[in-house]
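**Student:** sequence first, predicted coordinates after that:
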Amino acid sequence: MKHIGIVACSAEGAALCYRAICQQALELVGKSDHPRITLDSIPLVDWMPAFEAEDLDGLAAIMLDSARLLAAAGADLLVCPDNSAHLAWEQVQAATPRPWLHIAEVVGAEAVRGGHRRVGVLGTRFTMDGPVYPDTLAAMGIEAVIPPLADREVVDRIIFSELIDGVVTDESRRAYQDVIGGLRDRGCTAVALACTEIPLLLGPEDSPVPTLDSTRLLAGAALRETMS
């Protein structure tokens, strides 16, 4: 099996991705078996200035720093379990030492399999206000629907004040359910959990519409790629 390299951004999202790969390997590979996995974690505090300044070259430099370390460690395939980081996808691809999987493409492929043509998108403000999901899903014939501003502020606040630190509350779960209900009312038949920490808060049973869990979908795609 190929060696997976995880370019970590937030600790919680990266840890969930690692765990999801190992859990899915129980069925696809076998008990106590999974591909070799190496994770590199540059602290989130080093990422945030680039995000805040919309500095895609700076963001790519951080991702490529991890990519080179992971390549030197023997990784054959790279993933970044952070949706917002994919804003710098073109810059990263221009200089990457190893191939990557694109998290929004993986989510879009699952939406296509499910027959969804109008998908709500929840994530950080960088993801919800950015082009990653609208552009990626549009290329697959899917419309990405973003919550209104007030809802976007709620979703983003909960991510950065709670979820990236592993804090999960019933109040925040209800707030997300209300946001998803609004997306359902606008015709969305599924919602992309396009922040890798959101699955800590919201499971499929908690949502008014089917969820597209970007963390576990990326983990599964990486696992299948290692076995190809």
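**Tutor:** Sure thing, it's come through.
**Student:** give me the low-pLDDT residue ranges for this protein?
**Tutor:** For the chain, no stretch is flagged by pLDDT under 70.
**Student:** can you pull the domain assignment for it?
**Tutor:** Here the domain parsing of the chain from automatic domain parsing is 4-102+217-226, 103-213.
**Student:** would you mind putting those domains into a markdown table with mean neighbour count alongside?
**Tutor:** Any C-beta I mention is one placed from the backbone N, CA and C, and that applies to glycine too. Below are these laid out as a markdown table (neighbours: other C-beta atoms under 10 Å):
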| stretch | mean neighbour count |
| --- | --- |
| domain 4-102+217-226 | 19 |
| domain 103-213 | 19 |
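**Student:** checking the residue of the chain most remote from its centre next. Helix, strand or coil?
**Tutor:** Residue farthest from the centre of the chain, counting by C-alpha atoms, centre = their mean, is K31 at 26.2 Å. Following DSSP: H, G, I helix; E, B strand; the rest coil, we place K31 in the coil state.
**Student:** mind jotting down where the helices sit in the chain?
**Tutor:** Applying DSSP state H to the chain gives helices spanning 11-28, 44-53, 56-72, 89-93, 103-113, 125-128, 132-138, 149-161, 170-185, 198-201, 214-226.
**Student:** what's the closest non-adjacent residue to A95?
**Tutor:** Spatially, and ignoring its direct neighbours in sequence, A95 is nearest to L64 (5.7 Å; C-beta to C-beta, 6 or more residues apart in numbering).
**Student:** for that neighbour, what are its contacts?
**Tutor:** The contact partners of L64, by C-beta atoms under 8 Å, 6 or more residues apart in numbering, come to V92, A95, T96.
**Student:** correct me if wrong: the second one contacts A61.
**Tutor:** No. Under the criterion of C-beta atoms under 8 Å, A95 lies out of contact with A61, with a separation of 9.2 Å.
**Student:** quick one, phi psi at the residue farthest from the centre of the chain?
**Tutor:** Here is the backbone geometry of K31 (degrees, to the nearest 10): phi -60, psi 130.
**Student:** out of the helices of the chain, nearest to I37?
**Tutor:** Among the helices of the chain, the nearest to I37 by C-beta to C-beta is helix 11-28 (6.2 Å).
**Student:** which other residues reach the closest one?
**Tutor:** Here helix 11-28 makes contact (C-beta under 8 Å, 6+ apart) with 4, 6, 8, 33-35, 37, 39, 41, 44, 79, 81-82, 163-166, 195-197, 199-200, 215-216, 218-220, 222-224, 227.
**Student:** who's in contact with T136?
**Tutor:** By C-beta under 8 Å, 6+ apart, the neighbours of T136 are H102, A104, E105, G108.
**Student:** and if you look at W47?
**Tutor:** By C-beta under 8 Å, 6+ apart, the neighbours of W47 are C9, L59, I62, A85.
**Student:** any chance of the residues you listed in CSV, with distance to S207 too?
**Tutor:** Below are the contacts of W47 laid out as CSV (distance: C-beta to C-beta, whole Å):
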residue, distance to S207
C9, 24
L59, 30
I62, 32
A85, 24
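**Student:** those: which two are farthest apart?
**Tutor:** The two members of the contacts of W47 with the most space between them (C-beta to C-beta) are C9 and L59, at 9.7 Å.
**Student:** which residues are in contact with both of the two?
**Tutor:** Here C9 and L59 share the contacting residues W47, A85, scored by C-beta under 8 Å, 6+ apart.
**Student:** gap between L217 and M63?
**Tutor:** Separation of L217 from M63 (C-beta to C-beta, to the nearest Å): 20 Å.
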